[in-house]
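Undergrad: Have a look at this prediction, sequence included:
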Amino acid sequence: DLERLLDAELGVPPETKTTALYDQIAAGTWSESPIPSTADHQPPTADPAAVHRPPSAVPGPPAVVPGPPSNLPLPPTPFIGREPELQNIGRLLNETDTRLLTLLGPGGSGKTRLAIESAGREVQNFPDGVYFVPLAPLSAVESLLPAVAQAVRLTFVEGEESRREQLLNFLRAKQLLIVRDNYEHLLNPECVALPVEILAGAPGLKILATSRTRLNVQGEQLYPVLGMRTPAIEQVTQWREPQAEMKTYSALNLFQESARRIRPDFALTVDNLSDVTRICTLVEGMPLAIELAVTWLELLSPAEIAAEIERSLDFLASDLQDLPPRQRSLRAVFESSWQLLDEAEREAFSRLAIFRGSFSREAAQAVAGASLRVLLSLVNKSWLRRTEDGRYDLHELLRQYAEEKLQADPAGYRQARQSHADFFAGWMDNLYQHLLRPVQKQPLDAIGPEYENIRQAWQWLLRQEQYQP
């Protein structure tokens, strides 16, 4: 029957192996061992063991071993620099005592990109996965729990257990990392209670959060996210090989790589290096500000861009369609953070814009009426920075923004300027009294950090004709 079928359909006889198999089955001598045919016969091998090698020992393509699951988003542009920060974050995530790590910084400082890159490097250390939960679109606590469940791929089942209990039970024995991005607008007690409860019930779970405001719970490890590394303008004027010498300065690398997406032939050269460095210095290495500045290269030179940044905060804006509205301008970024401050914090911060450079706690209290609690809150919400010597300062772009707020109230602006001038006039008078004593070096050393504020106070007093020789 097989012969007739093959002849009718294909016009060919059965193969030798097929005929041999038929004869064995008919004789009752068939076994599962393969029967070599004449066509398959190979010369004897020099390795007798190879004749009896089982088929499973034949080398094949390497097996693909799947890694832990992850839903980390794929950013549209390559990650630039930040190697010291990545190493520090990785070290903290691998410390047993670090369960909740918050990357803290103002809007536009690159917290999200840094969190995604850091989490991506840790995937193999979390067998049950690394999951990204974007919180910016959420507006209520009711949305938080479903967002976490969706990210970790949990489907709720209607039954006796509440959804909260189902999520906690699902995570209880897991070893995973959850990245919670943009937490600042959900920092009410109910929203903060969920991660605290998750960490308490799941000992193998860790949370990496990004926020403009600390979560302010026990066990929270803070990691401040500052601007990208930028050289001094005086330093770059000495460079002769910019492409080689810029490698350790991530702000310059980000500017160049972003610029090449607009102008493929763009490169940092001796001719434009000082102007690009000036741009990066004016924005204090803020990644979003650098990328917004670069979008103007189609129309303006780096020198013109730097001049426009000094003139107006509104210059740093873009119409890129894939940027969320809150990131299309620095004003939009700052406005969203401003809404998170209470009235006392807004008033104090706007008055702090009077200062130039760093300032002391005593000056902040006298000039801006900022209590210790308000100062602490402004630091925790990334509006103020505390320096290593115990003083405070503002990011220059935040200072510009706050000064606009202050100048919108002319009477309040004049009062703040007068308070500032009175404080430093008194400060200088007190310093003068110390200079009359035998030991003079310490008072003289104190002038350096206050120089810009002293000069500004002096100029105001002269304009107001309040100086008496």
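TA: It's in. Numbering: from 1, shown residues only.

Undergrad: and residue 242, how many neighbours?
TA: Number of residues near residue 242 (other Cβ atoms under 10 Å) recorded here: 20. In this view, the C-beta of every residue, glycine as well, is placed from N, C-alpha and C.

Undergrad: My guess is it contacts residue 274. True?
TA: No - at 10.3 Å, residue 242 does not count as touching residue 274 under the criterion of Cβ atoms under 8 Å.

Undergrad: chain center to stretch 269-276, what's the gap?
TA: Put simply, stretch 269-276 sits 27 Å off its chain's centre (Cα atoms, centre = their mean, to the nearest Å).

Undergrad: hey, where'd the strands end up in the chain?
TA: Remark: strands assigned in the chain by DSSP state E are 100-104, 130-134, 177-181, 206-211, 220-224, 385-386, 392-393.

Undergrad: For residue 196, find the nearest of those strands.
TA: Smallest distance to residue 196 across those (Cβ to Cβ): 8.3 Å, for strand 100-104.

Undergrad: could I get the strands of the chain as CSV with mean pLDDT and distance to residue 458?
TA: Converted to CSV, the strands of the chain look like this (pLDDT from 0 to 100; distance: least, Cβ to Cβ, whole Å):
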stretch, mean pLDDT, distance to residue 458
strand 100-104, 97, 36
strand 130-134, 95, 50
strand 177-181, 96, 46
strand 206-211, 96, 40
strand 220-224, 96, 34
strand 385-386, 92, 26
strand 392-393, 94, 21
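
Undergrad: With mean neighbour count and distance to residue 329 added, can I get those strands in JSON lines?
TA: Output for those, formatted as JSON lines (neighbours: other Cβ atoms under 10 Å; distance: least, Cβ to Cβ, whole Å):
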{"stretch": "strand 100-104", "mean neighbour count": "23", "distance to residue 329": "22"}
{"stretch": "strand 130-134", "mean neighbour count": "20", "distance to residue 329": "21"}
{"stretch": "strand 177-181", "mean neighbour count": "25", "distance to residue 329": "20"}
{"stretch": "strand 206-211", "mean neighbour count": "25", "distance to residue 329": "20"}
{"stretch": "strand 220-224", "mean neighbour count": "16", "distance to residue 329": "24"}
{"stretch": "strand 385-386", "mean neighbour count": "17", "distance to residue 329": "23"}
{"stretch": "strand 392-393", "mean neighbour count": "18", "distance to residue 329": "24"}
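
Undergrad: Let me have those strands in JSON lines, extended by distance to residue 446.
TA: Below are the strands of the chain laid out as JSON lines (distance: least, Cβ to Cβ, whole Å):
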{"stretch": "strand 100-104", "distance to residue 446": "31"}
{"stretch": "strand 130-134", "distance to residue 446": "48"}
{"stretch": "strand 177-181", "distance to residue 446": "43"}
{"stretch": "strand 206-211", "distance to residue 446": "36"}
{"stretch": "strand 220-224", "distance to residue 446": "27"}
{"stretch": "strand 385-386", "distance to residue 446": "19"}
{"stretch": "strand 392-393", "distance to residue 446": "16"}
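
Undergrad: Now the longest helix anywhere in the chain: buried residues?
TA: Across the chain, the longest stretch assigned as helix under DSSP state H is helix 410-435. Within helix 410-435, the residues scored as buried using 16 or more other Cβ atoms under 10 Å are 413, 416-425, 427, 431.

Undergrad: ok, now stretch 292-299?
TA: For stretch 292-299, by 16+ other Cβ under 10 Å, it's 292-297.

Undergrad: what's the answer for stretch 390-403, then?
TA: Buried residues in stretch 390-403, counted by 16+ other Cβ under 10 Å: 391-403.

Undergrad: So which residue is dead centre in the protein?
TA: residue 111 (2.1 Å; Cα atoms, centre = their mean).

Undergrad: which residues are in contact with both of residue 242 and residue 274?
TA: Common neighbours of residue 242 and residue 274, counting by Cβ atoms under 8 Å, 6 or more residues apart in numbering, are residue 236.

Undergrad: so what's residue 448 scoring on pLDDT?
TA: At residue 448, the model reports a pLDDT of 79.

Undergrad: And residue 188, by the same measure?
TA: pLDDT, read off for residue 188, is 85.

Undergrad: before we move on, what about residue 136?
TA: So residue 136 comes in at 85 (pLDDT).

Undergrad: same question, residue 139
TA: Model confidence at residue 139 (pLDDT) stands at 74.

Undergrad: of the buried residues of helix 410-435, closest to residue 220?
TA: Closest to residue 220, out of all of the buried residues of helix 410-435 and judged by Cβ to Cβ, is residue 416, at 33.9 Å.

Undergrad: what's the spacing between the closest one and residue 229?
TA: Distance of residue 416 to residue 229, given as Cβ to Cβ, to the nearest Å: 33 Å.

Undergrad: now do residue 396
TA: From residue 396 to residue 229 the distance is 16 Å (Cβ to Cβ).

Undergrad: need the contact list for residue 466.
TA: Residue 466 makes contacts with residue 421, as judged by Cβ under 8 Å, 6+ apart.

Undergrad: if we go to 10 Å?
TA: 418, 421-422, 425, 460 (Cβ atoms under 10 Å, 6 or more residues apart in numbering).

Undergrad: Redo those residues as TSV? Include pLDDT and distance to residue 263.
TA: TSV is the format used below for those (pLDDT from 0 to 100; distance: Cβ to Cβ, whole Å):
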residue	pLDDT	distance to residue 263
418	94	48
421	92	47
422	92	51
425	90	51
460	90	44
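
Undergrad: and which of the residues you listed is nearest residue 453?
TA: The closest of the contacts of residue 466 to residue 453 turns out to be residue 421 (Cβ to Cβ; 9.6 Å).

Undergrad: just checking, the closest one touches residue 367?
TA: Yes - between residue 421 and residue 367 there is a contact under Cβ atoms under 10 Å: 9.3 Å.

Undergrad: Touching both of the two, which residues are there?
TA: 354, 453, 457.

Undergrad: from the residues you listed, which ones fall inside helices?
TA: Among the shared contacts of residue 421 and residue 367, the members found in helices (DSSP H) are 453, 457.

Undergrad: Dump the shared contacts of residue 421 and residue 367 into CSV; add distance to residue 279 as well.
TA: CSV is the format used below for these (distance: Cβ to Cβ, whole Å):
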residue, distance to residue 279
354, 25
453, 26
457, 30
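
Undergrad: of the shared contacts of residue 421 and residue 367, closest to residue 145?
TA: Among these, and counting by Cβ to Cβ, the member closest to residue 145 is residue 354, at 44.4 Å.
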